[in-house]
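> Predicted model follows, preceded by the sequence.
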Amino acid sequence: DIQMTQSPSAMSASVGDRVTITCRASQGISNYLAWFQQKPGKVPKRLISATSSLQSGVPSRFSGSGSGTEFTLTISGLQPEDFATYYCLQHNSYPVTFGPGTKVDLK
Amino acid sequence: EVQLVESGGGLVQPGGSLRLSCSASGFTFRDHYMDWVRQAPGKGLEWVSSMTGSGEVTFYADSVKGRFTISRDNSRNTLFLEMNSLRAEDTAVYYCAKYSGYGSRSYPFDYWGQGTLVTVSS
């Protein structure tokens, strides 16, 4: 099974900050990596698919990059509505696996 | 508008069974992979099971293999999860989720249901 790790597990940031979250796979997953945002009590929302393809309606301050085993989600200019938990997901092979999440809260 | 509506959750004793349903609308249901994803209280997301659009191929997490069965009725646009031999650690909100794209170019999960809570406790 492919294990996914995320770093950091939690972070404090301010509005306007550039935030980078890293996701690492235990083996190569090509570009089969997605990012999700989840706010407390809400349903997860897909931000990015296929490593870097922005979901329709998602602000352009969100971007994804990477390949193979290392991937990043970048938020360029954090907004108040971006404070949430972010999960990566690999779907290169079954079982599909989520990362443990990165909680971004207000500094 | 795509809608996914889960039902069937509730309180069940350890060892018991439950059947979840996910009613889909707003897209051609039979064309898309569908999955179940769960989230235990205060925990992260855990993939549970996946089914191809035709229903011919299924996949399961090791944690539920042999106890849970995914199925779908494409004539009724409904996805199911039959859960047997339930354990306390199966307590979670269960979401159904849709893939975007088709066949080998399918990408998880562009739409999610609102979730249904399953509580396994005596």
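Yes, it's here.

> need the contact list for residue 2.
By default, I'm working from chain A. A:25, A:26, A:27, A:29, A:90, A:92, A:93, A:97 (C-beta atoms under 8 Å, 6 or more residues apart in numbering or on different chains). C-beta: built from backbone N, CA, C; applies to glycine.

> please go with chain B instead
With C-beta under 8 Å, 6+ apart, residue B:2 has these contacts: B:24, B:25, B:26, B:27, B:98, B:110, B:111.

> run the last query once more with 10 Å
The contact partners of residue B:2, taken as C-beta atoms under 10 Å, 6 or more residues apart in numbering or on different chains, are B:24, B:25, B:26, B:27, B:32, B:98, B:100, B:110, B:111, B:112.

> Equivalent analysis for residue A:41, please.
Contacts of residue A:41 (C-beta under 10 Å, 6+ apart): none.

> same check, this time on residue B:32
Applying C-beta under 10 Å, 6+ apart, the residues contacting residue B:32 are B:2, B:24, B:51-53, B:98-103, B:106, B:110-111.

> can we see that at 7 Å?
Residues near residue B:32 by C-beta atoms under 7 Å, 6 or more residues apart in numbering or on different chains: B:53, B:98, B:99.

> Need phi/psi at residue B:77.
phi 50, psi 50 (degrees, to the nearest 10).

> Next, count neighbours for the closest residue to it other than its chain neighbours.
Residue nearest to residue B:77 in three dimensions, not counting chain neighbours: residue B:29, with 4.2 Å by C-beta to C-beta, 6 or more residues apart in numbering or on different chains. For residue B:29, the neighbour count with other C-beta atoms under 10 Å in any protein chain shown is 21.

> Residue A:43 and residue B:113: what is the separation?
7 Å (C-beta to C-beta, to the nearest Å).

> returning to that earlier point: for the contacts of residue A:2, which PyMOL command selects only the ones that are buried?
Buried residues within these, by 16 or more other C-beta atoms under 10 Å in any protein chain shown, are selected in PyMOL with:
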select buried, chain A and resi 25+29+90+97
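
> now, which of the contacts of residue A:2 lie close to chain B?
Intersecting those with the contacts of chain B gives residue A:97 (criterion: C-beta under 7 Å from any C-beta of the partner chain).

> Narrow the contacts of residue A:2 to those in strands?
Per DSSP state E, strands hold the following members of these: A:25, A:90, A:97.

> Closest to chain B out of those residues?
Proximity of those to chain B (C-beta to the nearest C-beta) peaks at residue A:97, which lies at 6.7 Å.

> thinking again about what came up before, what about the contacts of residue B:32, which are in helices?
When helices are assigned by DSSP state H, not one member of the contacts of residue B:32 lies inside them.

> With distance to chain A as new columns, can those residues be given to me in a markdown table?
Conversion of the contacts of residue B:32 to a markdown table gives the following (distance: C-beta to the nearest C-beta, whole Å):
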| residue | distance to chain A |
| --- | --- |
| B:53 | 16 |
| B:98 | 10 |
| B:99 | 9 |
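
> Considering those, which is situated nearest to residue A:71?
Proximity of the contacts of residue B:32 to residue A:71 (C-beta to C-beta) peaks at residue B:99, which lies at 19.4 Å.
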